[in-house]
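[1] could you work out the structure for the sequence below:
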Amino acid sequence: MRLTSRCPHGATSFEDLGVIRVLDTGDGGAKLRRFVRDWLGPLLDYDTHNRSHLVRTLSHHLDCGGNYDHTAAALVIHRSTLRYRLQRIREISGLDLAEAGNRLNLHVATRAWRILDGPQGRT
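    Take a look at the predicted model:
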């Protein structure tokens, strides 16, 4: 299985998907898209309607292990901007980012989002 991605390298091979491979059900990614929508839907909608970058911010924050300094540096934003965005993420999603189960599901969902839809170069 190969899913096209909007990354500069074109397509992501099945072997490179890591944990996302476990979610492959042979349905062309429909269940994976539903999983992404279940966990990121309100944030994706908010980003679309407000031309914001909350999902990308969350993705980087999780990739950086929750480290504010590393996340802010990766996004090239100030720490206070990051704190504001994370607070908006909590408010919009209704999720506690400190809860391990939420972090795991959100991390998998943001990884899948990048593979399926991608941030399209937005910060």
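
[2] from residue 64, how far off is the most centrally placed residue in the chain?
    Compute the mean C-alpha point of the chain, and by Cα atoms, centre = their mean the closest residue is residue 110, 2.2 Å away. Applying Cβ to Cβ, to the nearest Å, the value for residue 110 to residue 64 is 12 Å. Bear in mind the C-beta positions are built from the backbone N, C-alpha and C, glycine included.

[3] after the helix ranked longest in the chain, which helix or strand is next?
    Across the chain, the longest stretch assigned as helix under DSSP state H is helix 30-50. The helix or strand immediately downstream of helix 30-50 is helix 54-63, counting by DSSP states H and E.

[4] contact partners of that next one?
    Helix 54-63 has contacts (Cβ atoms under 8 Å, 6 or more residues apart in numbering) with 40, 43-44, 46-47, 71, 74-75, 82, 85-86, 88-89, 92, 97, 103, 106-107, 110-111, 113-114, 119, 122-123.

[5] next, the angle from it to helix 30-50.
    Inter-element angle recorded for helix 54-63 and helix 30-50: 120 degrees (by axes from the mean of the first three to the mean of the last three Cα atoms, to 10 degrees).

[6] just the CA atoms of helix 54-63, as CSV, please.
    The C-alpha coordinates for helix 54-63 follow below in CSV (Å, rounded to 0.1, in the frame of the first residue of the first chain):
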residue,chain,number,x,y,z
LEU,A,54,-3.4,24.6,15.6
VAL,A,55,-3.1,21.0,14.2
ARG,A,56,0.4,21.7,13.0
THR,A,57,1.3,23.3,16.3
LEU,A,58,-0.1,20.2,18.1
SER,A,59,1.8,17.9,15.8
HIS,A,60,5.2,19.7,16.5
HIS,A,61,4.4,19.9,20.2
LEU,A,62,3.9,16.1,20.4
ASP,A,63,6.9,15.4,18.2
